[in-house]
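Participant: Pasting a predicted model and its sequence here:
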Amino acid sequence: MKKIAFLFPGQGSQAPGMGKDFYDSFAIAKETFQEADDLLSYKLSDILFNGPEETLTQTKYSQLAIFVNSIALLRMLQQQVKEIVPFVCAGLSLGEYTALCASGRIEMKDALKLVQTRANWMNDACERVQGTMAAVLGLDAASVEEALKGIPGIWVANYNCPGQIVISGTKEGVEAGSLALKAKGAKRVLPLTVHGAFHSGLMQSAQDGLAPHIAKAPLADSEIHLVMNVPGNFVESLDEIRQNLTRQVTQSVRWDQGIVAIEEKGVDLYLEIGCGKTLSGLNKKIGVKAPTVSLEKVTDLDSVVEIIEGATCNC
């Protein structure tokens, strides 16, 4: 068995209709969407499959929808390729909860409760404090950090890949930061259409509300490796996992650093599972050596299975 990294997307990858083709084609996917509806006591699947987009985009729905969709695709894949076991799992922001499930550290029903709690607290924080985000293109991390020094109400939210960093904060802070970054040499600073200032100090109330739920969540040890956003590195102890899940709400997502850490361990294939191909695009910009494939639609399945079976064949 060769080394496969499972990658899971985060908020922003959602799109009405995602997962519907798997729901219609595979019983295990249909059962997963129905299980989530039962656990939540409302039809998340209706919002997920039919929108409207403005409803699906709301934090309290989008986080749950992305999580459930990724779990449905993961379960379907595990049924289709029974020998597949990831070497390492990682998820972008919200995707960490799917990574915890995929690595066997938490059951889907327990993770779903955490995601719902996280989504509700973050949605409330977005409503209470108006914030925004922007993507910075063409500057390295050190230059971004230097440009933002002394500007109030602004944080680095995501280190996505070389030359692509996301900032987050108050509208005034992001506006001031954008001007400073352009003066520093940024090629572009693009405002993002988001519900709030994620991964910033403006999410402190959400972190505080989520913390006690993470503290008592039923986590288990696993031999499958886990790379987490806050350190941008491998994490083993359950105490550290809990701390990182909690801190992730207000701290930077060090995705670039996490993928580099995986590269240093050496993997044979990266597999992105869920809506969109954002993580595959980031891998290309980071410059990973192993191929990256995405499982987003039923039409991806045959080629993905063929590549996986090629990666796991010892003949």
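Facilitator: Noted; the coordinates are in hand. Numbering: from 1, shown residues only.
Participant: contacts and neighbour counts: CA atoms only from here.
Facilitator: Noted.
Participant: Under the pLDDT cut-off, which ranges of the stretch 201-315 of the chain? List them.
Facilitator: Counting by pLDDT under 70, the ranges of the stretch 201-315 of the chain that qualify are 311-315.
Participant: List the backbone torsions phi and psi for P162.
Facilitator: P162 adopts backbone torsions of phi -60, psi 130, taken as degrees, to the nearest 10.
Participant: dump the residue contacts of it.
Facilitator: With contacts defined as CA atoms under 8 Å, 6 or more residues apart in numbering, P162 is in contact with L139, D140, A141, D256, K285, I286.
Participant: mind checking how far it is from Y23?
Facilitator: Distance of P162 to Y23, computed by CA to CA, to the nearest Å: 37 Å.
Participant: can you pull the alpha-carbon coordinates of stretch 139-149 into PDB?
Facilitator: Taking Å, rounded to 0.1, in the frame of the first residue of the first chain, the C-alpha atoms of stretch 139-149 are listed here in PDB:
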ATOM      1  CA  LEU A 139       3.400  38.900  -2.000                       C
ATOM      2  CA  ASP A 140       5.300  36.400   0.200                       C
ATOM      3  CA  ALA A 141       4.100  35.800   3.700                       C
ATOM      4  CA  ALA A 142       6.900  37.900   5.400                       C
ATOM      5  CA  SER A 143       6.100  40.900   3.200                       C
ATOM      6  CA  VAL A 144       2.300  40.600   4.000                       C
ATOM      7  CA  GLU A 145       3.000  40.400   7.700                       C
ATOM      8  CA  GLU A 146       5.400  43.400   7.600                       C
ATOM      9  CA  ALA A 147       2.900  45.500   5.600                       C
ATOM     10  CA  LEU A 148       0.100  44.900   8.200                       C
ATOM     11  CA  LYS A 149       2.100  45.800  11.300                       C
END
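Participant: What are the buried residues along that stretch?
Facilitator: Of the residues in stretch 139-149, L139, D140, A141, V144, A147, L148 count as buried by neighbour count, 16 or more other CA atoms under 10 Å.
Participant: Could you check the pLDDT of the closest residue to the fourth one other than its chain neighbours?
Facilitator: The one in question is V144. Leaving aside its chain neighbours, V144 sits nearest to L181 (6.6 Å; criterion: CA to CA, 6 or more residues apart in numbering). L181 is assigned a pLDDT of 98 by the prediction.
Participant: Break down the stretch 101-250 of the chain into its helices, ranges please.
Facilitator: For the stretch 101-250 of the chain, applying DSSP state H, counting those that start in this stretch gives helices covering 108-128, 141-148, 171-184, 204-215, 238-247.
Participant: Of all these, which one is nearest L92?
Facilitator: L92 lies closest to helix 238-247 among those, at 11.7 Å (CA to CA).
Participant: Give me the residues contacting the closest one.
Facilitator: Residues outside helix 238-247 that contact it (CA under 8 Å, 6+ apart): 96, 207, 210-211, 214-215, 219-221, 228-231, 235.
Participant: ditto for stretch 125-134
Facilitator: Residues from elsewhere that reach stretch 125-134, judged by CA under 8 Å, 6+ apart: 166-171, 174, 189-198, 202-203, 205-206.
Participant: sorry, back to before: make CSV out of the helices of the stretch 101-250 of the chain and add distance to I308.
Facilitator: Supplementary listing: the helices of the stretch 101-250 of the chain in CSV, determined by distance: least, CA to CA, whole Å:
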stretch, distance to I308
helix 108-128, 24
helix 141-148, 34
helix 171-184, 42
helix 204-215, 33
helix 238-247, 28
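Participant: how about those helices, which one is nearest V88?
Facilitator: V88 lies closest to helix 238-247 among those, at 14.6 Å (CA to CA).
Participant: Tell me the bridge partners for the residue lying closest to L282 once chain neighbours are set aside.
Facilitator: Excluding the flanking residues, the one nearest L282 by CA to CA, 6+ apart is C161, at 6.0 Å. C161 has the following beta-bridge partners by DSSP bridges: Q164.
Participant: give me the number of residues near C161?
Facilitator: Residues lying near C161 (other CA atoms under 10 Å) number 24.
Participant: and which of the buried residues of stretch 139-149 is nearest V68?
Facilitator: Of those, the one sitting nearest to V68 (CA to CA) turns out to be A141, at 32.7 Å.
Participant: ok, the closest one to Q204 distance?
Facilitator: Counting by CA to CA, the gap from A141 to Q204 is 24 Å.
Participant: Kindly report the same for F8.
Facilitator: Going from F8 to Q204 by CA to CA gives 24 Å.
Participant: Neighbour count for the two, which is higher?
Facilitator: Neighbour count, other CA under 10 Å: between F8 and Q204, F8 has more, with 30 against 18.
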